[in-house]
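**Q** sequence and predicted model, in that order:
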Amino acid sequence: MGKKSKVLVVGGTGYIGKRIVKASLAEGHVTYVLYRPEIGTDIEKLQMLLSFKDQGAHLIKGSFSDHQSLVDAVKQVDVVICTISGVHLRSHQILLQLKLVDAIREAGNVKRFLPSEFGMDPAQMVDAMEPGRVTFDDKIIVRKAIEDANIPFTYVSANCFAGYFVGGLCQPGHITPSMDTVSFLGNGNPKAIYVDEDNIATYTIKAIDDPRTLNKTLYLRPPENILSQREVVGIWEKLIGKELEKSTISAEDFLTTVKGMDYGQQVGLTHYYHIFYEGCLANFEIGENGEEASELYPEVRYTRVEEYLRRYL
């Protein structure tokens with residue numbers, strides 16, 4: 001086995017970031033977690049950071065507002081993985097990564113950068129509707145900066161986080177499955193792709209030293225988890241031994257409802273529209289600039305949708 005990379009995780013206390021840290025440590029990588037000196041009194045984040053330290057991670061101070069701190073952090077590692085959230089959409093938080101790109105370029109030692117993506121592939125969403133397209137536009141800006149700087153990269157397209165989609169039977173605003181009713185988005189037939197969050201982290205760490213994923217997009221498409229909303233609901237009905245009362249939300253009604261919501265909700269719900277009304281996740285083939293994770297790493301036993309749903313019984 002070759003020498004393990006030294007890995008820096010930016011955003012390591014976040015929803016996906018904390019799993020990336022755990023997976024990196026599990027694979028035996030020397031793992032650094034960047035944390036902001038202005039953490040203040042956020043006790044939960046502090047305790048998480050200390051738990052990482054107990055597990056063998058190295059904590060390193062750094063901030064997007066302090067260029068030198070980023071350069072100093074980057075110089076200590078081989079691989080940088082950024083998992084910052086794009087939730088604060090009006091502030092274009094994803095674009096903060098441009099500061100990280102500058103630091104990586106100046107440091108000159110990084111052999112792989114994985115920017116914060118982990119969802120829908122922005123290269124496939126050039127025709128996305130407003131205001132949801134802001135997410136993809138910002139990620140494309142970051143991609144261009146990475147490639148213009150000749151920084152080696154891997155982009156990870158993880159599709160639908162199981163916790164947010166499977167738990168609620170693909171219904172916006174739901175994270176636990178109902179025992180009684182469900183609303184189909186349209187006819188419920190377009191295929192989507194669901195990935196357990198811990199599996200996302202495992203596949204990501206597998207890819208960082210893999211020459212097959214260098215300067216490519218890694219698509220997480222576990223074949224048994226490519227399912228329509230109707231199929232997800234059917235699995236749940238089989239588990240609970242009863243049929244749910246079903247209703248349908250037309251595309252027109254869905255978009256009308258979206259227009260009446262605040263900006264952040266509109267962004268998220270237009271993504272739902274593309275996924276469940278248009279089937280944008282599974283309606284294209286992976287080209288020569290991409291690889292599929294479950295094919296590259298068949299040794300990873302990924303969590304099936306049925307297994308994920310069993311935890312709610």
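**A** Nice, thanks for sending it over.

**Q** got the contact list for the spatially most central residue of the chain?
**A** Centroid-nearest residue in the chain: F118, 2.5 Å away (criterion: CA atoms, centre = their mean). Going by CB atoms under 8 Å, 6 or more residues apart in numbering, F118 touches 16, 83, 156-158, 200, 204. C-beta: built from backbone N, CA, C; applies to glycine.

**Q** for H92, give me its contacts.
**A** By CB under 8 Å, 6+ apart, the residues touching H92 are 134, 138.

**Q** how about 6 Å then?
**A** H92 makes contacts with D138, as judged by CB atoms under 6 Å, 6 or more residues apart in numbering.

**Q** got it, and L185?
**A** L185 makes contact with 249, 276, according to CB under 6 Å, 6+ apart.

**Q** please redo it, this time with the cut-off set to 7 Å
**A** By CB atoms under 7 Å, 6 or more residues apart in numbering, L185 lies in contact with 170, 229, 249, 254, 272, 276-277.

**Q** look at the residue nearest to the centre of the chain and give its secondary structure.
**A** coil (DSSP: H, G, I helix; E, B strand; the rest coil).

**Q** pLDDT weak spots in this structure?
**A** Along the chain, the model assigns pLDDT under 70 to residues 1-2, 86-91.

**Q** residue ranges for the strands of it, please.
**A** 6-10, 30-35, 58-61, 79-82, 112-114, 154-157, 160-161, 181-185, 191-195, 216-219, 226-228, 245-249, 290-292 (DSSP state E).

**Q** any chance of the ones you listed in CSV with distance to S51 as columns?
**A** Shown next, in CSV, are the strands of the chain (distance: least, CB to CB, whole Å):
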stretch, distance to S51
strand 6-10, 14
strand 30-35, 11
strand 58-61, 11
strand 79-82, 19
strand 112-114, 23
strand 154-157, 24
strand 160-161, 22
strand 181-185, 37
strand 191-195, 24
strand 216-219, 28
strand 226-228, 34
strand 245-249, 41
strand 290-292, 33
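
**Q** and those strands: which comes nearest A145?
**A** A145 lies closest to strand 112-114 among the strands of the chain, at 10.5 Å (CB to CB).

**Q** out of the contacts of L185, which one sits closest to F64?
**A** Nearest to F64 among the contacts of L185, with distances taken as CB to CB, is Y272, at 29.7 Å.

**Q** pull the number of nearby residues for that closest one.
**A** Per other CB atoms under 10 Å, the neighbour tally for Y272 reads 20.

**Q** could you find the closest non-adjacent residue to it?
**A** Leaving aside its chain neighbours, Y272 sits nearest to P172 (5.3 Å; criterion: CB to CB, 6 or more residues apart in numbering).

**Q** export the longest helix anywhere in the chain as PDB, just CAs?
**A** When the chain is parsed with DSSP state H, its longest helix is helix 133-148. Provided in PDB are the C-alpha atoms of helix 133-148 (Å, rounded to 0.1, in the frame of the first residue of the first chain):
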ATOM      1  CA  ARG A 133     -29.400  28.300 -10.600                       C
ATOM      2  CA  VAL A 134     -27.300  30.600  -8.400                       C
ATOM      3  CA  THR A 135     -25.900  27.500  -6.700                       C
ATOM      4  CA  PHE A 136     -24.700  26.000  -9.900                       C
ATOM      5  CA  ASP A 137     -23.400  29.300 -11.300                       C
ATOM      6  CA  ASP A 138     -21.300  29.900  -8.200                       C
ATOM      7  CA  LYS A 139     -19.900  26.400  -8.400                       C
ATOM      8  CA  ILE A 140     -19.000  26.900 -12.100                       C
ATOM      9  CA  ILE A 141     -17.100  30.100 -11.200                       C
ATOM     10  CA  VAL A 142     -15.100  28.100  -8.600                       C
ATOM     11  CA  ARG A 143     -14.400  25.300 -11.100                       C
ATOM     12  CA  LYS A 144     -13.100  27.800 -13.700                       C
ATOM     13  CA  ALA A 145     -10.800  29.400 -11.100                       C
ATOM     14  CA  ILE A 146      -9.400  25.900 -10.100                       C
ATOM     15  CA  GLU A 147      -8.800  24.900 -13.700                       C
ATOM     16  CA  ASP A 148      -7.400  28.300 -14.700                       C
END
